[in-house]
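*Asks:* Using only what follows, build the 3D model:
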Amino acid sequence: MATHDPLAAEGPARRTPGEVLIEVDHLYAGYDGTAILDDVSFNIRAGEVFGILGGSGGGKSTILKHMIGLVPPVSGHVRFAGEDIVGADGEELERLRRRFGVMYQSGALFGSMTLLENVRLPIEVYSGLPGDAMNLIARMKLALVGLDAFTGHLPSEISGGMQKRAGIARAMALDPSILFLDEPSSGLDPITSATLDATVRRLAESLGVTFVIVTHDLPSVFASIDRVVLLDKKARGIIAEGDPRELRDSSPDPRVRAFFRREPEKAAA
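*Replies:* The predicted model follows:
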């Protein structure tokens with residue numbers, strides 16, 4: 001019995017590592033006639049941990065909302081294994097969304113539900129599995145993020161870092177090939193953040209999941225991310241793309257070096 005969109009597990013969304021899985025194509029985004037992103041294009045490869053970086057107001061959250069189909073762009077396309085989420089609606093949009101999981105900045109767990117119940121919820125919605133099977137899957141997902149001993153805990157009874165890991169477990173509930181994480185290390189201390197970084201790397205390497213991470217936390221970027229795009233508010237788009245360590249050390253663009261080296265913006269003369 002299928003528990004989710006079969007394309008998410010064995011169809012074109014499961015591609016050979018290194019193949020293009022996500023295409024953002026000439027995306028234009030804005031509100032009330034003001035452009036935030038102007039003609040943005042980039043690709044994300046299967047199996048990589050990909051970062052979307054930039055300063056405040058640079059469009060990181062905007063591009064995430066467009067990529068997961070929450071907000072339609074003014075123009076452009078976002079394709080998952082060749083299928084465009086832009087313009088999709090109803091059952092087609094729901095089918096495409098089942099290809100990926102999302103962990104929002106807060107973790108977005110339901111406070112009145114245990115961790116097991118939180119992770120089990122999407123399985124209940126999208127599968128016809130019996131209760132024991134749903135519980136088993138939910139326990140397996142929590143075990144993947146090191147929370148198998150906390151299945152009966154409420155979110156308020158665990159730490160912020162554990163809540164983030166539980167959010168990742170719930171995002172993995174339907175075995176998506178892509179996970180979007182929105183500012184996963186926000187509000188975490190350095191040690192807890194490092195634990196979360198290690199969890200992401202382990203899941204990417206052991207399960208072959210493609211991660212797309214929106215963040216501005218540079219230690220996490222250097223520890224866990226393979227490749228990035230750097231958005232700039234003034235440019236209304238991408239000013240750099242590549243390995244973040246190489247961009248930090250050898251980018252010819254002073255804006256890029258300043259971002260990765262955390263240099264303060266120079267005041268105008």
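*Asks:* what's stretch 192-200 in contact with?
*Replies:* Identification of contacts with stretch 192-200 by CB atoms under 8 Å, 6 or more residues apart in numbering yields 49, 145-146, 159-161, 164-165, 168, 181, 184-185, 188, 211, 213, 217, 219-220, 223-224. C-beta coordinates here come from the backbone N, C-alpha and C atoms, glycine included.
*Asks:* Can you flag the buried ones in those?
*Replies:* Buried by 16 or more other CB atoms under 10 Å: 49, 145, 160-161, 164-165, 168, 181, 184-185, 188, 211, 213, 217, 220, 223-224, out of the contacts of stretch 192-200.
*Asks:* re earlier: from the contacts of stretch 192-200, which ones fall inside strands?
*Replies:* Mapping these onto strands (DSSP state E) picks out 49, 181, 211, 213.
*Asks:* Output the below-cut-off pLDDT ranges for the chain.
*Replies:* For the chain, the stretches with pLDDT under 70 are 1-15, 106-107, 265-269.
*Asks:* Now do the helices in it.
*Replies:* For the chain, applying DSSP state H gives helices covering 6-9, 60-67, 90-97, 115-126, 131-144, 160-171, 190-207, 218-224, 244-250, 254-260.
*Asks:* With distance to residue 77 as added columns, please give these in JSON lines.
*Replies:* Listed next are these as JSON lines, based on distance: least, CB to CB, whole Å:
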{"stretch": "helix 6-9", "distance to residue 77": "18"}
{"stretch": "helix 60-67", "distance to residue 77": "10"}
{"stretch": "helix 90-97", "distance to residue 77": "13"}
{"stretch": "helix 115-126", "distance to residue 77": "26"}
{"stretch": "helix 131-144", "distance to residue 77": "31"}
{"stretch": "helix 160-171", "distance to residue 77": "24"}
{"stretch": "helix 190-207", "distance to residue 77": "26"}
{"stretch": "helix 218-224", "distance to residue 77": "27"}
{"stretch": "helix 244-250", "distance to residue 77": "26"}
{"stretch": "helix 254-260", "distance to residue 77": "27"}
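*Asks:* Could you say which one of these comes nearest to residue 22?
*Replies:* helix 60-67 (7.4 Å; CB to CB).
*Asks:* Could you export that closest one as CSV, CA atoms only?
*Replies:* Taking C-alpha atoms only, helix 60-67 is exported to CSV below (Å, rounded to 0.1, in the frame of the first residue of the first chain):
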residue,chain,number,x,y,z
LYS,A,60,15.8,34.5,1.3
SER,A,61,12.3,33.9,2.8
THR,A,62,10.7,35.2,-0.4
ILE,A,63,12.4,32.7,-2.6
LEU,A,64,11.6,29.8,-0.2
LYS,A,65,7.9,30.7,-0.3
HIS,A,66,8.0,30.6,-4.1
MET,A,67,10.0,27.4,-4.2
